[in-house]
Structures are given as C-alpha cells and as structure tokens.
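Enquirer: Quick one, what's the 3D model for this:
(3 chains)
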Amino acid sequence: MRNVAIIGCGQTKHSGRRRDVNLAEMVGDAVWNALEDAQVGPHEVDAFTVGNMQGFGGVAQPEQWLGDWIGAPGKPVLRIATGGSTGGCVAQAAFYAVASGLYDIAVATAWEKHSDSKEPGATTGLAHVSLGNTLNMINFGVSFKHLLSMVAAGAAAGVACYQAMYYMHRSGCRVEHLDMVAAKDRRNAANNKYAHLQWPGCTPEDIAKTKWVAYPFRYGHICPASDGASAMVLACEEVARKRCKKPVWIKGLAAYSDEENQIMSEGAGGIGILDASQQIGATMSAIKAYKMAGIKDPQKEIDLAEIYQPFPSQELMFAERLGLFDEGTAWKALEKGETDINGKMPCDLSGGVNATNAIGSSALQRILECALQIMGKAEEHQVPKEVHNAVAHGWGGATNYIAVTVLGDSPY
Amino acid sequence: MPYIKEQRKETISVEGDWDVGGSTTWKHSTLLQEYAQGLKEKKIIGSLCPGCGKVIVPPRNICGRCHRKMDEKVVVSDIGTVTCFVISAPFAKGQAKVLGMDPVEIGLVEEGERVISVYVKFDGADSNVDTELIGVEPEKVYLGMRVKAVWAKEPQGRLSDLEAVEPLKD
Amino acid sequence: MSSQSEIVLTRAPVPLVFGFRWSVGRMMEKFIKTLADRKILGAKCPECGYVYVPPRWRCGKCYARIAEENLIELSGKGTLLSYTTAYVELDAVGNFKDLDKPKVIGAIKLENADSTLFMPLGEIKPEDLKEGMKVEVAWREKTKGELADIKYFVPT
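Expert: Next comes the predicted model:
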C-alpha cells in the first residue's frame, strides 16, 4: 500500500440559499478551486469519488449531470452515500484508489443543495429517510399522538436528542455546556470565510436566549441546512513530493458501521443498542486509525481535531470516543478552555458541522480543515502552533456509519 | 439573530413534484402485525435471539449483533424503566404541522402542552420501545423511573393500543 | 403463526408529495429569459470553440471557463439528426396511457451550434420525417421568458 497525500483543497461558500448557481455549477466551483490549489490540470486526474445524500436535493444520480462539469469524462467515477459520513467515506475511497497503486491522482468531492427542495431546510430529505418506517407504522395503526411525540423530538434533532440525554446523564454535562460549545462553534465560524452560520463574538448567554426545540436542545444548538460543496485532490507520494510544497499525509483511516439506525430499526422493529451515545463504531475506528497512523497516545500526539458535530453534545461525546479526553471529562476540559484555538486540544476551529452542514460536504470538510491547518492555509482560523497530527471524524445515520481519518505532516 | 448574512442572486427554478403518496406501494413483513395483535390482548411481544439471548421489542427477523434468525416470540412485562427521555417545546397553534394537520387545532395537544417522549425498557426486553410518558410533570422525569403501560380502552389490534406509559404507583 | 412472515402491501394513505425547485444558475436563466425576445442563446467556448445550447459556464470538453461575453445568438434554424415517435406516455403512477396523437421528438443540431437539442416536432406527419431535413423553431403566441416559449420545431 502506497503513501497518499492531500495536495490541494477547494470549497465553495456555504450558505442557506445558493440559488445563484445550479447544482453542477456549485460542485464544479469546488473541484476547480481544489485543482487550482493543487496546481493540477483536469486531464491529469485519474479517478473521481463523489458523494451526497440525494433525497435532500431531489436529483437521483447527480454524478451523471455534473460529470463533465468536474472533468470526469474518460475517468472512473464512484458515488458514495453513507449518510452524514458521506464526505469522509468519499475521501477514504479516493485514498483507496491511490493507495492501491491503480491511480496516481484522485479527486474527492462532496456536496449538498438543500435549497432545491420545496420545504425549508432538510425537511424533505428527512421525510424521505424515515418514509418507510413511518408508512409501516401508519399501516399498522400507530396513533397520531405517538407520531406527534416522535416528530416533536425528531423533527430537527432525531436520535441526537436521545444521544445527548444519555451523555449528559452519564457524564454530568449540563445544558450550559451545550451552550458553550455552540457559541464557540459559531464564533469560530466567523473566522472561516466558507462557513454558514457566522456569529462574531457569540457567547453562551446569546445561545441560552434562544427558544427550546426539544429538551435538551435549543434553536441555537441546532446545525443549519447549508448549500455548498467541497473537494480535495489526493496524490501518491511521488507526485505529492514533486508537486506540493507541504503535502498532508493520510496516516491512518478506518470506517466502522454498527447495528441499526434511528429510533427503531427498519420495519419499526426494536434495536439492540440501549445507549445511543455508546457509539462503538467511533471507538473502534479510532483505535484502528491510530494504530495505522502509529499514534499511541492521542491525548498527547494529536494537535487538533475536527469532529462531526451537528449537535453540540456530539462534540463532547465523540471527542471522548476518539480518545481525546477521558470518559466523561470532555465538558470539564471545555470549561477550562482546552478546546479553544489556544487550548491543548482545539476542536472544530472551522466552526464544525454545527455552523455549516451541507450533509454530503460536511464530513469531507472535516478532513479538508485538518489539511488546511497542517498546510498552514487556514487563514483567520489557523491554529497558532505547529500541527503535526490531526484527526477528522464523520458520523452518519444514528450509529450506522463512522469514518475516522488521521492526517499528519509526514507519512511516518 | 446577528449572524453575518450575505445576499446572493436568486436565479429562477425548474419545478418538479414527486407524488410519493400516489406512486409508491410498500411491502412490509407482518412482524409488526403480530406485535399489534399481541397489544390487543395487552401482551407486549418480542423476538428472542437463539445466539446471544437478546429479546428485541418490537420483534425483528434477524439479530443485529449475531445475525441469527429470531423466530421465537416471547412476552415481556408491561412494567419497565425509562432509559431516556426528550421533552418537546410547548406546542403552540400554527407552529408546526404533522402530516398536514395542526396538532393544536385538531385537539391532539393543548396549547402550551409539552409532550414527553421516552425510551422504555420493559422488564424482560433488551431493547427500547419509543412511546409517550403521561401523568407526570416534565421536571419530575428522571432516567431510571419505573413506569407501567397504559392500554387503550378498546384495543383493536393496532399499534395505538399501547397508548403511553405512566409512572408506576408503589 | 407461520415462521415465514408474509408480505403486506400498503399505499401511502396520506397525501405525500415531495416538491423540488431546482435553481438554474445564471447562464441558464439568461437563456430562459431571452426566449421572451424570440432569441435562442448559445455559449461558445473561448478555448476550443465548441458551442453549447442551452449555454453553460464550463466547457465539457476542455473545461475552460465560459463567460457571459461568450454568449452568441443562434438563428433558430437547424438540421434534424434523428427522431422518434411516441404512442404512449407514462402517468405519474407508473401506468402507460395511450396518446390521442402520436408525439414526435427530434434530435436537432442548430445552425452554428455543436451540441444537440431534443425537442418536440410539430405540424408534421410522422411518415414525412426524414433524417437531415431542415427544421426551425416555432414560438408560442405570447412569449413570456419561459422554457415553454419554444412550442416545437417545424420543417422549413
């Protein structure tokens, strides 16, 4: 297996309504930005991996439309859809393409265009995803009150609500900590010119003033539904060393799926997992990725993390699962400022998914942001220290998909 | 909210509607029907995995962990424990629509009511059932609370026969 | 109760429509709005010269960026490359419906354009169609700046 590096990154501005462009134009923008950043011509790319969650934007097989907008004709294209971790899996698939020795340069791109759906935000897509189970339950006479109580919890947050309650119960974390995380993410996003929800100087008190959606989440905690695309160029060691001043090496990666999803399994049957914050997949893939990367003590060796956290409780929960904090202590580290830009373990300096959530693109952006930090190209949200190792994480479904990638400034 | 807003051109749209209701036929297994029939007799049915011994409620065909077929059905208790809960925001008229209907307008909930959704692990089961908790103030709900099933007055063999759970009285 | 679960069919009992409104982007919007003036715009790639109709801002052949100043007006006249006649159409729920009149669709190459347009053909009997015959656009009575302003193509 060869060493693989990221040699260029590109994004579009993410916002609630990118209706100045159509889907192909938007993804094309991201890909061409990445190719320009990598100084690679379109004819030099050997393979493409693309991904999004098509129910949200209503275009089936979008790669057929945007193929010749991104330079894909003549090259193999693979589309990947794994829920929220789509972007992470797209990047990992591009890694497989290059590491295998089959291709030298691969482009990974992922996107989402929520504004193409008539209903606001992610409503259409979420209805799409839960359609089978809902119709099944209606067929067997579920009461409207029960449906209502599911929608009341689920509409914006779904299983994340339950997940947060489990985490808060076990670790002692309180809603005030969720306010702190959300405020930090929106403050950080103000320093990221591609992010969606940018609130310069946002404080936890500002977040605490917003209305409740479903305890423990307020409006201010919930991620937006963004339009946007991001792309990366990956290359084998020979090309990377020749063409890129500071390539970012993918030192370790793993993806684990776990037992069934959402609040109940397909067919409305029960699920075996008792604790939605257990996330075995996250722990296992972190262990495997660190081993591959040669990292023995993530708390000491990882310089920053980009965690997939559409909800603030997940930043704390997944940080523990990834081994960055001891069990149940992430909220204490947050209080001490350890996850800030000057802290010991900066988390989501780009604002994370909490500030920008174009579903397909968001997990790819986690890897992209780590790469920018290592390259020193993160501009206003660049961490003021040398970054040697960073970890990026993607989460999809409820427990189904996890993708963990460890990046570094040297391949060994 | 003081977010940085940017103005972008809104180009015209091409419209399309996918009539899911009219065009889709769904095939389901009858496991949920067995479960609903059990509810008619005030029995909560789960399936037992011959490999790991887990009891999953409502029943499933295949165990998610050891991938064995779960053909055997067992009855679990109608008393259980709250393992998780979520409290909705107070409902207001005109705030949200479920399946095209306003829940306050049609009398499903009262103005200002907060609906408590809970995960309940009935004694004998290894999975949670998602249902509503009634008969207690939202502030008094806690993880580990003991609850009992509330049955519909006239059970009809539908999922709504298990209406909700309420706190278990000692 | 048999151990083999039987299959139950259900149609969605509630009105459930997923609506989409795909934004078209600037180039396509210009094309659509210019139809009101009974003009058809194409985009000529500044690098390789390939002309696209409808216009697009990235050449699909050489990937050069195409700008608004590369838009050109086309005559609306063209050649019929190929065609087919449809006798049935699909209703929204997967059934075939007979058409009152057969519908003819042609693959048309407009003068000075390189890409192909698929458009309905009107005022012609299917048996009179011939590959290579000359066709031109027939406009709607009142053009409004919509895609439907192009009624169909007719033989010249």
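Enquirer: Give me the distance between the closest residue to residue B:75 other than its chain neighbours and residue A:139.
Expert: Once flanking residues are discounted, residue B:75 sits nearest to residue B:43: 4.9 Å by CB to CB, 6 or more residues apart in numbering or on different chains. Bear in mind the C-beta positions are built from the backbone N, C-alpha and C, glycine included. Residue B:43 sits 21 Å away from residue A:139 when distances are taken as CB to CB, to the nearest Å.
Enquirer: so residue A:291 touches residue A:253, yeah?
Expert: No: with contacts counted by CB atoms under 8 Å, residue A:291 stays clear of residue A:253, the gap being 11.1 Å.
Enquirer: Between these two, point out the one with more neighbours.
Expert: Each of residue A:291 and residue A:253 has its neighbours counted (other CB atoms under 10 Å in any protein chain shown); residue A:253 has more, 25 against 13.
Enquirer: secondary structure class for the more buried one?
Expert: Secondary structure for residue A:253, judged by DSSP: H, G, I helix; E, B strand; the rest coil, is strand.
Enquirer: The closest residue to it other than its chain neighbours is in what secondary structure piece?
Expert: The shortest distance from residue A:253 to any residue other than its chain neighbours is 4.6 Å, reached at residue A:405 (CB to CB, 6+ apart). Using DSSP states H and E, residue A:405 falls within strand A:401-408.
Enquirer: can you check residue B:58 too?
Expert: Per DSSP H and E: residue B:58 is located in neither a helix nor a strand.
Enquirer: That one: how many residues sit nearby?
Expert: Residues near residue B:58, counting by other CB under 10 Å, number 29.
Enquirer: Check residue C:100 too.
Expert: 6.
Enquirer: host element of it?
Expert: Using DSSP H and E, residue C:100 sits within strand C:96-110.
Enquirer: residues of that strand that come out buried?
Expert: Neighbour-count burial for strand C:96-110, with 16 or more other CB atoms under 10 Å in any protein chain shown as criterion, is recorded at C:103, C:104, C:105, C:106, C:108, C:109, C:110.
Enquirer: per-residue confidence for the second one?
Expert: By that I understand residue C:104. For residue C:104, the model assigns a pLDDT of 91.
Enquirer: Tell me the spacing between the residue nearest to it when sequence neighbours are not counted and residue C:148.
Expert: Spatial nearest neighbour of residue C:104, excluding adjacent residues (CB to CB, 6+ apart): residue C:121 at 4.3 Å. To residue C:148, residue C:121 is 16 Å away according to CB to CB.
Enquirer: do the same with residue A:324
Expert: Noted for residue A:324: a distance of 57 Å to residue C:148, by CB to CB.
Enquirer: With neighbour numbers in mind, choose between those two.
Expert: Taking neighbours as other CB under 10 Å, residue A:324 and residue C:148 compare with residue A:324 leading, 24 against 9.
Enquirer: Give the other helices and strands that the lengthiest helix in chain B contacts.
Expert: Longest helix in chain B by number of residues (criterion: DSSP state H): helix B:31-40. The helices and strands touching helix B:31-40, judged by 3 or more CB pairs under 8 Å, 6 or more residues apart in numbering or on different chains; DSSP states H and E, are helix A:123-139, strand B:44-48.
Enquirer: who touches residue A:92 in this structure?
Expert: Counting by CB atoms under 8 Å, 6 or more residues apart in numbering or on different chains, residue A:92 touches A:253, A:255, A:403, A:405.
Enquirer: per-residue confidence at it?
Expert: The score at residue A:92 is 94. That number is its pLDDT.
Enquirer: Unless I misread the structure, it falls within a helix.
Expert: Yes: counting by three-state DSSP, residue A:92 is located in a helix.
Enquirer: Assumed residue A:145 was part of a helix.
Expert: Yes: using three-state DSSP, the assignment for residue A:145 is a helix.
Enquirer: Just give the closest residue to it, not the sequence neighbours.
Expert: Spatial nearest neighbour of residue A:145, chain neighbours left out: residue B:108 (5.9 Å); criterion: CB to CB, 6+ apart.
Enquirer: Helix, strand, or coil at that neighbour?
Expert: Three-state assignment for residue B:108 (three-state DSSP): coil.
Enquirer: what are the phi and psi values for it?
Expert: phi -70, psi -40 (degrees, to the nearest 10).
Enquirer: I'd say it and residue A:147 touch.
Expert: No: checked against CB under 8 Å, the pair residue B:108 and residue A:147 is beyond contact range at 9.5 Å.
Enquirer: List the buried residues for the biggest strand by length in chain B?
Expert: Ranked by number of residues, the top strand in chain B under DSSP state E is strand B:79-88. In terms of neighbour count (16+ other CB under 10 Å), strand B:79-88 has its buried residues at B:80, B:81, B:82, B:83, B:84, B:85, B:86, B:87, B:88.
Enquirer: to the chain's geometric centre, what's the distance from that strand?
Expert: Here strand B:79-88 shows a centroid-to-chain-centroid distance of 11 Å under the convention CA atoms, centre = their mean, to the nearest Å.
Enquirer: Direction included, what does that strand pair up with?
Expert: strand A:212-215 (antiparallel), strand B:116-122 (antiparallel), strand B:146-151 (antiparallel) (DSSP bridges).
Enquirer: Show me what the mean pLDDT comes to for the longest one.
Expert: Averaged across strand B:116-122, the pLDDT comes to 90.
Enquirer: quick check: angle from that strand to strand B:44-48?
Expert: For strand B:116-122 against strand B:44-48, the angle by axes from the mean of the first three to the mean of the last three CA atoms, to 10 degrees is 60 degrees.
Enquirer: outside of strand B:116-122, which residues touch it?
Expert: A:149-150, A:152-153, A:162, A:274, B:44, B:57, B:76-88, B:127-134, B:136, B:138, B:141, B:147, B:149, B:165.
Enquirer: ok, of these, which come out buried?
Expert: Going by neighbour count (16+ other CB under 10 Å), those have A:149-150, A:152-153, A:162, B:44, B:57, B:76, B:78, B:80-88, B:127-133, B:136, B:141, B:147, B:149, B:165 buried.
Enquirer: residues contacting residue 16?
Expert: Here I'm looking at chain A. Counting by CB under 8 Å, 6+ apart, residue A:16 has contacts A:115, A:196, A:224, A:225, A:226, A:227.
Enquirer: nope, chain B please
Expert: With contact set as CB under 8 Å, 6+ apart, residue B:16 has these partners: A:58, C:19, C:20, C:22.
Enquirer: when you check chain B, which of those residues turn up near it?
Expert: Restricting the contacts of residue B:16 to those adjacent to chain B (criterion: CB under 8 Å from any CB of the partner chain) gives A:58, C:19, C:20, C:22.
Enquirer: helix or strand for the residue lying closest to the first one once chain neighbours are set aside, which one?
Expert: Of all residues not flanking residue A:58 in the chain, residue C:20 sits nearest, at 3.6 Å (CB to CB, 6+ apart). Secondary structure from DSSP H and E places residue C:20 in strand C:17-23.
Enquirer: Got the confidence number for residue 71?
Expert: Picked chain A for this. Here, the pLDDT recorded for residue A:71 equals 91.
Enquirer: wrong one, I was asking about chain C
Expert: 94.
Enquirer: for the nearest residue to it once chain neighbours are set aside, helix, strand, or coil?
Expert: Leaving aside its sequence neighbours, residue C:71 sits nearest to residue C:41 (CB to CB, 6+ apart; 5.1 Å). Put simply, residue C:41 is strand when judged by three-state DSSP.
Enquirer: dump the residue contacts of residue A:356.
Expert: Residue A:356 sits in contact with A:14, A:189, A:192, A:194-197, A:223-224, A:226, A:228, A:350, A:362, A:365, where contact means CB under 8 Å, 6+ apart.
Enquirer: now the angle from the helix or strand of chain A with the lowest mean pLDDT to helix A:123-139?
Expert: Ranked by mean pLDDT, DSSP states H and E, the weakest helix or strand in chain A is helix A:144-154, scoring a mean of 72. Relative orientation of helix A:144-154 and helix A:123-139, computed by the same axes, to 10 degrees: 150 degrees.
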